[in-house]
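Asks: test case, fold it:
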Amino acid sequence: MPKVPKNALHEPLNLSLDSVRQSLTNHLIFAVGKDPITATDRDWFFTLAGVVRDRLIERWMDTMRRYYHNDTKRVYYLSMEFLIGRSLINSVLNVGFLDEVRQACIEAGVNLDKVTELEFDAALGNGGLGRLAACFLDSMATIGLPGYGMGIRYEYGMFNQRIEDGWQVEHPDNWLRYGNPWEFPRPEVLYPVKFHGHVVQYANEHGSLHHHWIDTEDVMAMAYDTLVPGYGLNTVNNMRLWSAKASRDFDLKYFNEGNYIKAVADKNESENLSKVLYPDDTTDMGKELRLKQQYFFVSASLQDILYRFHKHHETFDELPDKVAIQLNDTHPSIAIPELMRLLVDIHHLEWDHAWRITTNTFAYTNHTLMPEALETWPVMLFEAVLPRHLQIIYEINHRFLKCVMHCFPGDSELLKRMSIIDETQGRHVRMAHLAIVGSHHVNGVAQLHSELMKTTIFADFHRFYPDKLTNITNGITPRLWLNQANPGLAGLISDRIGKDWITDLSQLRRLASLADERTFQTEFRAVKRANKEHLAELVMSRLALKINPDSLFDVQVKRIHEYKRQLLNLLHVVTLYNRIRSDPSLDVVPRTVIISGKAAPGYATAKLIIKLANSIADIVNNDPAVRGLLKLAFIPNYDVSTASIIIPAADLSQQISTAGTEASGTGNMKLALNGALTIGTLDGANIEIMEEVGEDNFFIFGLNAQEVTALKNAGYNPWNYYHANTELRWALDMIATGYFSPEQADRFRPIVDNLTNGGDNYLLLADYEAYVAAQERVEMLYRDQQQWTRRAILNVASLGKFSSDRTINEYAQMIWGAKPVLK
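Replies: Next up is the predicted model:
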């Protein structure tokens, strides 16, 4: 490593008010090029970003020097998504100079809160998968672990969700419209990524067979670095995202012929790879683009990792000792054959040697229990796009199945079930099987999820690899989801127990002794009320709907999917609506039901559920017979910033997926940490949350995973539940016959048909009665505000286990073998 000149080492910019004042002036004039008299709010945003970034850069360089000096083991977290949200306030809080920045802004006549609202959420993810990855990066930096995020720099992200006539309509999310002050383009960090072509075999001078992938279509991957500050600023890590660049920008021949479109066609096609998160893969073109996206960032990342490693190590034997690569779901699992290709084809290692290195380097996190959600790719597509990788996968599979056959001779069905190549319905590559075979550890993300992995979808693999499958329960970063999102509650907690909880969430248990203290309860309720007023303002601005902050805020925020059962929530809304209309004297707790989330563009049923939610809201919110006792609000374009307003305001957290379908969930953790009580099934991390907070402080309902399986095996008939429950039948009939869609009476009939004639795959009708009864218990407790507040405080006090710091420490100790490197 080159020596750093002594004059390049100096004291970092300090965090004093005087220093911040000077930086603010310098950046506005010399970086943004504006006079304070003419500066706009957006100019001030870029100015503030520069002030903060300067203080991150020096600490980032110091962190990188420590890593190089110690030749420490590094963790590379490969993920298709990093839902980091806004960076300005997060960075200011982690650096620890919010008061100084706010005072300098006041003196300059700048409204800090207004300026921070101008920052676009970084559109680098969709939902829980991407937000989990972002939490993990924050925790790695906070505990001082050498961790790097590797992904794609999407130009447009997933989509901006707008609701038009009740329907979800997707619009481009142009988050880079004004530029991104947090990233560093690295045009010198450029790697070729190959597609298509064909493979030729040749023998070297020793007679060994080698493969050469030729006549390929190449795309260049260019790096963009974003700094990830840990809390307290001991460590600033790096997230490296790849942007697709054409290997040839311009074809002069076509231009000279007057074919201007064709002259740039190759450039446009190449750069589509990093345009949009998760293209619609219901078409063949969409499937191909998505596969190319996955390989694009994996190939660039591995080339970069090997380049960095090879600078300081002569052979690859030490790679597993110096590098840990975590595959976040199956999307990056193509990394396994790619590393084999690089080691065998490019660096000419023997297969067995390369395979030992590969399997000791990778680990895989599974995020789903549903077989239909496990990623597969048609062999024909794979052969066309990545022909060499298909050959390598065939060889991996051949050797793997040979080992299985030796352990379990004569069991041909077992070989079919475990094969990486699925031969049952057209030949497909099973990416989860590839990830399991090519990794040294495979983890689930909640205790129930991990146990079900071993007994259901991966039972055969657990039998073959009894020590490979393990559990590491997910967590969330308290820096964002409490300290930043809920400053009122964070301040109240810090006033009582100090600030150590920000990096040691187990400290929250000290709040338990305050749960019965009247003064603390009053202060806790005042914070919640202020947060609810803030959310009410958001609802008014986005929906022109007035909601009552004194009502029970009943919240379900997550991706729209049938297994997450937003429909069950809507059936309860209709049931409450019917009860209120039927009995004008009925004494009910005023309730505001809040739903938010996006549906995948090609998921027609989920989009119809959104339309149903908005249609029910239109009727319920405008019916004078309801007397304002019930409101339903579907808040569009759910993202990190929107979540940061909704979650602190929630009274009730709906975690109502069918037992055995949700891997973990992290929304349940975020809501409980902010003082919401949970109504939920025994699914995912709900079970572990209930164990921590106690059953008395959790509204549990419905079938458990074993009962779900037993009911389905016994021949579940949803019609039995339909006929047995009058309120359920009433609600379903209203939806089916056009009560909420008078302009098209049969619009929502497909939803009801799916629940009745379609078999009700997620058992909404079976759980309906228990769910409604649990909601009645919710209402009863909410009438006693003292008891409700007491239980809400105990929820907050009991959430220490669910910090992503704990999660990352477990990964580091159990899977990665990596250690923090601190000053």
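Asks: surely Asn548 is within a helix?
Replies: No. Counting by DSSP: H, G, I helix; E, B strand; the rest coil, Asn548 is located in no helix; its state is coil.
Asks: verify the contact between it and Ala633 for me.
Replies: No. Look at Asn548 against Ala633 with C-beta atoms under 8 Å: they stay out of range, at 11.5 Å. Where C-beta positions appear, they are placed from N, C-alpha and C, glycine not excepted.
Asks: comparing those two, which shows the higher neighbour count?
Replies: Counted by other C-beta atoms under 10 Å, Asn548 and Ala633 do not tie: Ala633 has more neighbours, with 25 against 15.
Asks: how close does the more buried one get to Arg496?
Replies: 33 Å (C-beta to C-beta, to the nearest Å).
Asks: so what's the closest residue to Phe520 other than its chain neighbours up against?
Replies: Leaving aside its chain neighbours, Phe520 sits nearest to Leu514 (4.3 Å; criterion: C-beta to C-beta, 6 or more residues apart in numbering). The neighbours of Leu514, taking C-beta atoms under 8 Å, 6 or more residues apart in numbering as the test, are Arg496, Phe520, Ile793.
Asks: correct me, but the last one touches Thr522?
Replies: No. Using C-beta under 8 Å as the test, Ile793 is too far from Thr522 to be in contact (11.6 Å).
Asks: tell me where the stretch 451-600 of the chain has helices.
Replies: Counting by DSSP state H, counting those that start in this stretch, the stretch 451-600 of the chain has these helices, from start to end: 459-464, 478, 487-497, 518-543, 566-582.
Asks: common neighbours of Asn548 and Ala633, please.
Replies: With C-beta under 8 Å, 6+ apart, Asn548 and Ala633 have common neighbours Thr592.
Asks: confirm Ala223 sits in a helix?
Replies: No. Assessed with three-state DSSP, Ala223 is strand; it does not lie in a helix.
Asks: tell me, please, the helix or strand in this structure that averages the lowest pLDDT.
Replies: helix 260-263 (a mean of 52; mean pLDDT, DSSP states H and E).
Asks: in the longest helix that the chain contains, what's buried?
Replies: For the chain, the longest helix by residue count, based on DSSP state H, is helix 41-70. Using 16 or more other C-beta atoms under 10 Å as the test for burial, helix 41-70 gives 43-56, 58-60, 62-63, 66-67.
Asks: chain center to it: distance?
Replies: 25 Å (C-alpha atoms, centre = their mean, to the nearest Å).
Asks: show me what the mean pLDDT comes to for that helix.
Replies: Taken as a whole, helix 41-70 has an average pLDDT of 95.
Asks: same question for stretch 648-655.
Replies: If you average the pLDDT over stretch 648-655, you get 98.
Asks: off-centre distance for it?
Replies: Computed by C-alpha atoms, centre = their mean, the chain-centroid distance of stretch 648-655 equals 19 Å.
Asks: cool, and stretch 519-538?
Replies: Counting by C-alpha atoms, centre = their mean, stretch 519-538 is centred 28 Å from the centre of its parent chain.
Asks: and it, C-alpha only, in CSV?
Replies: Extracted in CSV, the C-alpha atoms of stretch 519-538 (Å, rounded to 0.1, in the frame of the first residue of the first chain):
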residue,chain,number,x,y,z
THR,A,519,-45.8,11.2,34.8
PHE,A,520,-43.9,9.0,32.3
GLN,A,521,-47.1,7.7,30.9
THR,A,522,-48.4,11.2,30.4
GLU,A,523,-45.2,12.2,28.6
PHE,A,524,-45.3,9.1,26.5
ARG,A,525,-48.9,9.8,25.4
ALA,A,526,-48.0,13.4,24.6
VAL,A,527,-45.2,12.2,22.2
LYS,A,528,-47.6,9.7,20.6
ARG,A,529,-50.3,12.4,20.2
ALA,A,530,-47.8,14.8,18.5
ASN,A,531,-46.8,12.0,16.1
LYS,A,532,-50.4,11.3,15.3
GLU,A,533,-51.0,15.0,14.6
HIS,A,534,-48.0,14.9,12.2
LEU,A,535,-49.4,11.9,10.4
ALA,A,536,-52.8,13.5,10.2
GLU,A,537,-51.2,16.5,8.4
LEU,A,538,-49.6,14.1,5.9
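Asks: from Ala335, how far out is the closest residue to Lys194 other than its chain neighbours?
Replies: Excluding its sequence neighbours, the residue lying closest to Lys194 (C-beta to C-beta, 6+ apart) is Thr216, at 3.9 Å. Look at Thr216 and Ala335: by C-beta to C-beta, they are 19 Å apart.
Asks: the two - which one has more neighbours?
Replies: The neighbour comparison of Thr216 against Ala335 (other C-beta under 10 Å) goes to Ala335, with 29 against 15.
Asks: wait, what's in contact with the residue nearest to Lys194?
Replies: Thr216 touches Lys194, Phe195, His196, Gly197, counting by C-beta under 8 Å, 6+ apart.
Asks: neighbour count added to those, as a markdown table?
Replies: A markdown table is the format used below for the contacts of Thr216 (neighbours: other C-beta atoms under 10 Å):
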| residue | neighbour count |
| --- | --- |
| Lys194 | 18 |
| Phe195 | 21 |
| His196 | 14 |
| Gly197 | 18 |
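Asks: nearest to Val75 among those?
Replies: Set against Val75, the nearest of the contacts of Thr216 by C-beta to C-beta is Lys194 (26.9 Å).
Asks: wait, a helix at that closest one?
Replies: No. The assignment for Lys194, made by three-state DSSP, is strand rather than a helix.
Asks: still on that earlier bit, the contacts of Thr216 into TSV, with extra columns for distance to Trp167?
Replies: Formatted as TSV, the contacts of Thr216 follow (distance: C-beta to C-beta, whole Å):
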residue	distance to Trp167
Lys194	41
Phe195	36
His196	38
Gly197	43
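Asks: mind putting those residues into TSV with pLDDT and distance to Ser596?
Replies: Output for the contacts of Thr216, formatted as TSV (pLDDT from 0 to 100; distance: C-beta to C-beta, whole Å):
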residue	pLDDT	distance to Ser596
Lys194	97	41
Phe195	97	38
His196	97	41
Gly197	97	45
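Asks: what is the nearest of the residues you listed to Ala774?
Replies: Phe195 (51.8 Å).
Asks: spatially, what comes nearest to that closest one if we skip its sequence neighbours?
Replies: Glu217 (4.9 Å).
Asks: same question, Asn360
Replies: Leaving aside its sequence neighbours, Asn360 sits nearest to Pro320 (C-beta to C-beta, 6+ apart; 3.7 Å).
Asks: Provide the secondary structure category for that neighbour.
Replies: Under three-state DSSP, Pro320 comes out as helix.
Asks: which residues touch it?
Replies: With C-beta under 8 Å, 6+ apart, Pro320 has these contacts: Ile357, Asn360, Thr361.
Asks: quick check: of those residues, which has the highest neighbour count?
Replies: Thr361 (24 neighbours).
Asks: identify the residues contacting it.
Replies: Leu319, Pro320, Val323, Ala324, Ile325, Leu339, His440.
Asks: gap between the residue nearest to Phe520 and Ala485?
Replies: Going from Leu514 to Ala485 by C-beta to C-beta gives 21 Å.
Asks: and for Tyr577?
Replies: Separation of Tyr577 from Ala485 (C-beta to C-beta) stands at 31 Å.
Asks: where does the protein dip in pLDDT?
Replies: Scanning the chain for pLDDT under 70 picks out 1-12, 248-268.
Asks: got CSV for the contacts of Thr361, with secondary structure and distance to Met431 too?
Replies: Below are these laid out as CSV (DSSP: H, G, I helix; E, B strand; the rest coil; distance: C-beta to C-beta, whole Å):
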residue, secondary structure, distance to Met431
Leu319, helix, 23
Pro320, helix, 22
Val323, strand, 22
Ala324, strand, 20
Ile325, strand, 16
Leu339, helix, 15
His440, coil, 17
